[in-house]
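In: 3D model of this:
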Amino acid sequence: MLDWNDYQKQLLTRIGEVGKLSPDTVRGYQALSNAGAKTGHLDAKTRELIALAVAVTRQCDGCITVHTDAAAKLGATQEEIAEALGVAIAVNAGAALVYSARVLDAFSVKTS
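Out: Model prediction:
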């Protein structure tokens, strides 16, 4: 199993290196990352739960470690995280279902 704490440290070190090589890229990312907090429509914990669902959907280990850490620090419970992950699972299954319909559509065009 992955050592998530060690991985997060390694990842943040590498991101720091990217920041030195391309500071505007990292500043731009940080601006995007912080933009949602400025609206005040969702609380920070909810944003982190959404981020975890998206992280699973995008299969991003870096996102998982960073946003799990943030969600835990904001008081997210294992049950809340599981519910957010359930949404990710449902959306991924739904996307597979939609794209299955697209395959049948493409097949019908190819065979007609």
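In: biggest helix in this structure, by residue count?
Out: helix 78-111 (DSSP state H).
In: quick one: average pLDDT of that helix?
Out: Averaging pLDDT along helix 78-111 gives 96.
In: likewise stretch 40-50?
Out: Averaging pLDDT along stretch 40-50 gives 96.
In: who's in contact with it?
Out: With CB atoms under 8 Å, 6 or more residues apart in numbering as the test, stretch 40-50 has contacts from Gly36, Ala37, His67, Ala70, Ala71, Leu74, Gly75, Ala76, Glu80, Ile81, Glu83, Ala84. In this view, the C-beta of every residue, glycine as well, is placed from N, C-alpha and C.
In: how much space between Leu42 and Ala72?
Out: According to CB to CB, to the nearest Å, Leu42 and Ala72 sit 18 Å apart.
In: can you check Val54 too?
Out: Distance of Val54 to Ala72, given as CB to CB: 17 Å.
In: among the contacts of stretch 40-50, which two are most distant?
Out: Within the contacts of stretch 40-50, Ala37 and Glu83 form the most distant pair, 21.9 Å apart (CB to CB).
In: For Ala35, see how far away Ile50 is.
Out: For Ile50, the distance to Ala35 equals 14 Å [CB to CB].
In: Of these two, which one has the most company?
Out: Ile50 (17 against 9; other CB atoms under 10 Å).
In: After the strand or helix carrying that one, which helix or strand is next?
Out: Using DSSP states H and E, Ile50 maps to helix 44-58. Proceeding N to C from helix 44-58, the next assigned helix or strand is helix 61-73, under DSSP H and E.
In: list the buried ones in that following helix?
Out: For helix 61-73, a neighbour-count test (16 or more other CB atoms under 10 Å) marks Cys63, Ile64, Thr65, Val66, His67, Thr68, Ala70, Ala71 as buried.
In: Apart from its chain neighbours, what residue comes closest to the third one?
Out: Once flanking residues are discounted, Thr65 sits nearest to Gln8: 4.3 Å by CB to CB, 6 or more residues apart in numbering.
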